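>>> What follows is a protein structure lacking sequence information:
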């Protein structure tokens, strides 16, 4: 991957920040910027800002929070109206006009006052009103994140801090009071990118609790499976947990504009330039609400569960991860092998593996990789750049579709834990469909080990 030669080159070729205006107070002496896209979020954004405002005053001094209030040019009127109120409240906070002129209920007034009285350094971008909305073909959370991250890059470039950090958060995601400090601590070393530990907020309604438990087990089972295989892509891919240095942001040519899955693809690129650190001494708390905003992701999955559209208590067959583990071992120890040698080993692992490798162009990819490496370490690096998180997902889906259909969720969890000889709470082994209380214990255990 070739990086831009400079910040100036990035701004000329890739940045979208120049198309919008930043509304903010002082932006000097910053070392980290938290980017928060907000799409019809007037009811949740300010609670998130309060959670940030409750961080230590010393952390607030070097941190800035940038809200990107956004919608597409063809978004419905109710979204624009919601955004207009959000912008109205943000303007009062940023311009320090006081809150007396705003028509607010008591709870919202109290929340806004807490933000106003804190040392939170706050700014916003209006990508919503007429003439400022994101073009329909570009719109979505990826573009909103990109706008904010490009602007954060520009802001941080003017400072003198040796480590400049861009954090991602969502408007419905709360943070702990040590969030800003924990992020800075992680990046005092050589970290280029990181994800923060997360736990979904717990709904009060049982069916919604069941939905988020089910989804979080799915997410954490994926990590357990990839860890078993030895894949370097065994990290969480959740937008509100992503953090990177400005240098890393330049290295991967910035955020993509995808309407969904932008977090997965961005972290996939970051992994190719360095390790993804895991910040476990703080936690973020994404919302567990249902949503139809994007084609997939948390909101869509919760909505699907609540609509009873399909059987949800299913996971990838653990045998798929065994196949992947064997394939990765072959691939990583193939310095003296040609493509025919590798394909002979692949068919012994599983005949479908050779079909997949042929279809995805492995033979030509191997020739290209082999031509440019001089030792085993270099070979492993280039192989994992080719067989990346996306290729891994494609192989797992291919095997699931063609030979290993999904299996009972709790059976799969038991099996993947046994494969790794891991101890677990008794309720993990108890039933194929435990009650909610036991599911909560399982989720808490998986949070601990992933």
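Sure, I can see it. These numbers were taken from a predicted model, which means no experiment stands behind them. Numbering: from 1, shown residues only.
>>> partners of the strand or helix carrying residue 33, with directions?
In the assignment (DSSP states H and E), residue 33 maps to strand 32-38. Strand pairing for strand 32-38, determined by DSSP bridges: strand 63-70 (parallel), strand 165-168 (parallel).
>>> Let's have these in a markdown table, adding mean neighbour count, distance to residue 174 and mean pLDDT.
Where you see a C-beta, it was placed from the backbone N, CA and C, and this is true even at glycine. Formatted as a markdown table, the strands paired with strand 32-38 follow (neighbours: other CB atoms under 10 Å; distance: least, CB to CB, whole Å; pLDDT from 0 to 100):
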| stretch | mean neighbour count | distance to residue 174 | mean pLDDT |
| --- | --- | --- | --- |
| strand 63-70 | 27 | 13 | 99 |
| strand 165-168 | 28 | 14 | 99 |
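>>> would you turn those into a markdown table with distance to residue 51?
Output for those, formatted as a markdown table (distance: least, CB to CB, whole Å):
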| stretch | distance to residue 51 |
| --- | --- |
| strand 63-70 | 11 |
| strand 165-168 | 13 |
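>>> which residues are in contact with stretch 159-166?
For stretch 159-166, contacts defined as CB atoms under 8 Å, 6 or more residues apart in numbering pick out 28-33, 35, 62, 149, 152-153, 156-157, 183-184, 187-188, 243-247, 249.
>>> Show me what counts as buried in it.
159, 163-166 (16 or more other CB atoms under 10 Å).
>>> do stretch 80-97 as well
80, 82-83, 85-87, 89-90, 92-94.
>>> next one: stretch 226-235
Under 16+ other CB under 10 Å, the buried positions of stretch 226-235 are 226-229, 231-235.
>>> Residue 110: neighbour count?
Residue 110: 11 surrounding residues under other CB atoms under 10 Å.
>>> Please disregard the earlier target; I meant residue 42.
20.
>>> Could you give the secondary structure assignment for it?
coil (DSSP: H, G, I helix; E, B strand; the rest coil).
>>> Can you report phi and psi for it?
phi -60, psi -20 (degrees, to the nearest 10).
>>> quick one: it from residue 68, how far?
Per CB to CB, to the nearest Å, residue 42 is found 14 Å from residue 68.
>>> need the strands for the stretch 151-300 of the chain, in chain order.
For the stretch 151-300 of the chain, strands defined by DSSP state E, counting those that start in this stretch occupy the ranges 165-168, 174-175, 193-198, 242-245, 276-285.
>>> Residues contacting the third one, please?
Same thing as strand 193-198. 179, 182-183, 186-187, 235-238, 240-245, 248, 267, 270-271, 274-280, 282-286, 447.
>>> now the shortest one
Strand 174-175 is contacted from outside by 47-48, 51-52, 55, 169, 201, 282-285, using CB under 8 Å, 6+ apart.
>>> can you redo those as JSON lines with neighbour count?
JSON lines is the format used below for those (neighbours: other CB atoms under 10 Å):
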{"residue": "47", "neighbour count": "18"}
{"residue": "48", "neighbour count": "26"}
{"residue": "51", "neighbour count": "18"}
{"residue": "52", "neighbour count": "25"}
{"residue": "55", "neighbour count": "22"}
{"residue": "169", "neighbour count": "29"}
{"residue": "201", "neighbour count": "13"}
{"residue": "282", "neighbour count": "19"}
{"residue": "283", "neighbour count": "18"}
{"residue": "284", "neighbour count": "25"}
{"residue": "285", "neighbour count": "18"}
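>>> May I ask which two of those are separated the most?
Taking every pair in the contacts of strand 174-175 and measuring CB to CB, the maximum separation is 18.7 Å, between 55 and 201.
>>> Can you name the element that comes right after the strand holding residue 33?
Next element after strand 32-38 (DSSP H and E): helix 45-53.
>>> Domain-wise, how is this structure divided?
Following automatic domain parsing, the chain resolves into domains at 7-203+233-306, 318-402, 406-445.
>>> Tell me which of the ones you listed is the most buried.
domain 7-203+233-306 (a mean of 19; mean count of other CB atoms under 10 Å).
>>> First-to-last residue distance for it?
46 Å (CA to CA, to the nearest Å).
>>> Now do the helix or strand residue 379 falls within: which elements does it pack against?
Using DSSP H and E, residue 379 sits in helix 376-386. The helices and strands touching helix 376-386, judged by 3 or more CB pairs under 8 Å, 6 or more residues apart in numbering; DSSP states H and E, are helix 318-332, helix 362-371.
>>> Just want the angle from the next helix or strand after it to helix 376-386.
Toward the C-terminal end, the helix or strand that comes next after helix 376-386 (DSSP H and E) is helix 389-402. Computed by axes from the mean of the first three to the mean of the last three CA atoms, to 10 degrees, the angle separating helix 389-402 from helix 376-386 equals 60 degrees.
>>> After helix 389-402, which helix or strand is next?
Counting by DSSP H and E, what follows helix 389-402 is strand 407-408.
>>> which strands and helices sit next to that next one?
strand 314-315.
>>> what residues does the strand it packs on touch?
217-218, 221, 406-409, 412-413.
>>> Nearest to residue 305 among those?
residue 218 (10.4 Å).
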